[in-house]
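> Requesting a structural model of the entry that follows:
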Amino acid sequence: MLRMKNLDRRSFLSLGAAAAASTALPLHAAPSASAGNVKFVFFTDTHIEPELNGGEGCAKAFARIKSLKPEFCIQGGDHCIDLTSQPRERSMMLIDLYKKTEHILDVPVHQVIGNHDVLGTVSKSGVSHSDPLWGKKVYYEKFDKHTYYSWDHKGYHFIVLDTIDINPANGDYRPRIDADQVKWLTDDMAKVKAGTPIVVSCHVPIVTGVPAYVKTDYPYWRVENAYEILPMFTNHNVIAVLQGHTHVNEVVYWHNIPFITSGAVCGNWWKGSHWGTPEGFTVVELAGGRVRWRYETYGFKTVSPEADPYPVVEHPVVPGSRPFSNESPL
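So this is what the prediction gives:
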């Protein structure tokens, strides 16, 4: 009988995962001669903090990313360990620590807002609703002036969505794309030339299988009104949707569009792997309107290990089959 053995983190790059991608090109899409070659990194859920060597971990991840020489990066949200429940002074310290560390990358970084990127929305933070940085205002001021936006690059159209809906009356958070943004997205995609390959990034997944993996009472694994968004994606040449939030490396296809959820830079909040996904980031390469990607780890060693219900393992390869790969071929 074949037996499973422990898988070191470097081997995680090339060996199997349910997050595998088996094709590079959605069946409804066609290669685009006008789309060039682009290499970038999608990293998410840094959750930087001075404790648990979180600052050193982010620095190590960013140094590894820099060595790969991407043209730019997309940060998928949850920059700091948490801004929602921390006192204002600590939140400002965490933001400063993140921004200082991000300079290591030395390339443009496009920001995505995460649910932990809003200030003082939990009452125990002591931050007043009248504070000029309360809620998303801290993101506008410290990270980016927009929470949703788009840009064009080398024949591709990139879209960043805001999946964090905050009730201004009480600070409650829902994973939704609000009505104003739905209208903006409709208008934005309508302006894109037919056939242009589109890459979407967001924090909370629009499509995910994560709720099936473990028993959990957490209700906010995916965007609640995904049904409003998906028809727009399937009616355009969306070649990839990059997501964060769950800390799990996963790919789910919907109408042949890969919804690529990246594992977290912090793993299990700096306490080891999270549900079988070690600390890491996703490298994305585009060529001729097609996409490939891989999940890459960077060798962080936790000082406070926590048991993982899905430890990272190598699954045996059955003769005559091929192992899954987290990288889809061009």
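> Could you check how many residues crowd around Asn53?
For Asn53, the count of nearby residues is 17 (other CB atoms under 10 Å). Every C-beta, even on glycine, is put in place using the N, C-alpha and C of the backbone.
> these two touch, right, Ile104 and Lys60?
No. The criterion here is CB atoms under 8 Å, and Ile104 misses it with Lys60 at 9.3 Å.
> Which one of these two is surrounded by more residues?
The residue with more neighbours, out of Ile104 and Lys60, is Lys60; 18 against 15, by other CB under 10 Å.
> That one - that's part of a helix, no?
Yes. Counting by DSSP: H, G, I helix; E, B strand; the rest coil, Lys60 is part of a helix.
> Setting aside sequence neighbours, what's the nearest residue to Glu279?
Leaving aside its sequence neighbours, Glu279 sits nearest to Gly267 (CB to CB, 6 or more residues apart in numbering; 3.7 Å).
> got it, and Arg174?
Arg174's closest residue in space is Asp165 (CB to CB, 6+ apart), at 4.6 Å.
> was I right about that neighbour contacting Ala179?
No. Between Asp165 and Ala179 there is no contact under CB under 8 Å: 10.0 Å.
> Neighbour count: these two, which is higher?
Asp165 (19 against 11).
> check contacts around the more buried one.
By CB atoms under 8 Å, 6 or more residues apart in numbering, the residues touching Asp165 are Tyr173, Arg174, Pro175, Arg176, Ile177, Asp178.
> The residues you listed: which two are farthest apart?
Spatial extent of these (CB to CB) is set by the pair Tyr173 and Ile177 at 13.3 Å.
> Okay, and the residue lying closest to Leu185 once chain neighbours are set aside sits in which element?
Using CB to CB, 6+ apart and skipping the chain neighbours, the partner closest in space to Leu185 is Met232 (6.4 Å). Met232 is part of helix 226-234, with elements assigned from DSSP states H and E.
> on that earlier part again, among the contacts of Asp165, which has the minimum pLDDT value?
The member of the contacts of Asp165 with the lowest pLDDT is Tyr173, at 92.
> For the stretch 101-250 of the chain, which segments are assigned as strands?
Along the stretch 101-250 of the chain, counting by DSSP state E, counting those that start in this stretch, strands occupy 109-111, 149-153, 156-160, 164-166, 173-175, 198-201, 238-243, 250-254.
> Perfect, that will be all.
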